[in-house]
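Asks: next one to model:
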Amino acid sequence: QVQLVESGGGLVQAGGSLRLSCAASGRAFSNYHMGWFRQAPGKEREFVAAISRSGRITSYADSVKGRFTISRDNAKNTVYLQMNSLKPEDTAVYFCAATEKTITPMVALFDYWGQGTQVTVSS
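Replies: Next comes the predicted model:
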C-alpha cells in the first residue's frame, strides 16, 4: 500500500499560481502511476492530470492543458501539480491518487487516494 498526503492548496486571485505537492509513503513510489483529480461542490470528481512511473509520459484534461504541469521526483517520493493562470472555475478540492495499473484519466482505476487540499480562486 501507499499513503498519500497533499499540500499547497490555498486562496489565490484569478491569474495567479499555486503548486500542489503530494508526498507518498509506504511501498516504492516508482511502482505507481500518479494522478491529480479535483472535485467541486455538487460535482463529480474529475481528472486533471496524470504521469507515468518514470515521469516520461503525461496526460492532461483539456480544461487545464497549457496552464497546469504535472511532474514527479521519485527520489523524494513526491508528485507535483504546478497551476498557472488560475481561473475561478478551477476552485475545487484537489486529490492525488496512485495506481499500479496504467496511466489513465479514469477515477475507478486508481487504488489509493489522499485526503485532498482545497484550492479557491477568487475573481
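Asks: alpha carbons only for contacts and neighbour counts from here, please
Replies: Fine.
Asks: centre of the chain versus stretch 106-119, how much separation?
Replies: Chain-centre distance of stretch 106-119: 8 Å, with C-alpha atoms, centre = their mean, to the nearest Å.
Asks: next: stretch 96-108.
Replies: Counting by C-alpha atoms, centre = their mean, stretch 96-108 comes out at 11 Å from the chain centroid.
Asks: so for that stretch, mean pLDDT?
Replies: Stretch 96-108 comes out with an average pLDDT of 93.
Asks: which outside residues touch it?
Replies: Under the contact criterion C-alpha atoms under 8 Å, 6 or more residues apart in numbering, stretch 96-108 has outside partners 2, 4-6, 22, 31-37, 45-52, 59, 109-114, 116.
Asks: how long is it from one end to the other?
Replies: Length of stretch 96-108, first residue to last, C-alpha to C-alpha, to the nearest Å: 13 Å.
Asks: count of neighbours near the nearest residue to G116 once chain neighbours are set aside?
Replies: Nearest in space to G116, with sequence neighbours left out and distances taken as C-alpha to C-alpha, 6 or more residues apart in numbering, is F95 at 4.4 Å. For F95, the neighbour count with other C-alpha atoms under 10 Å is 26.
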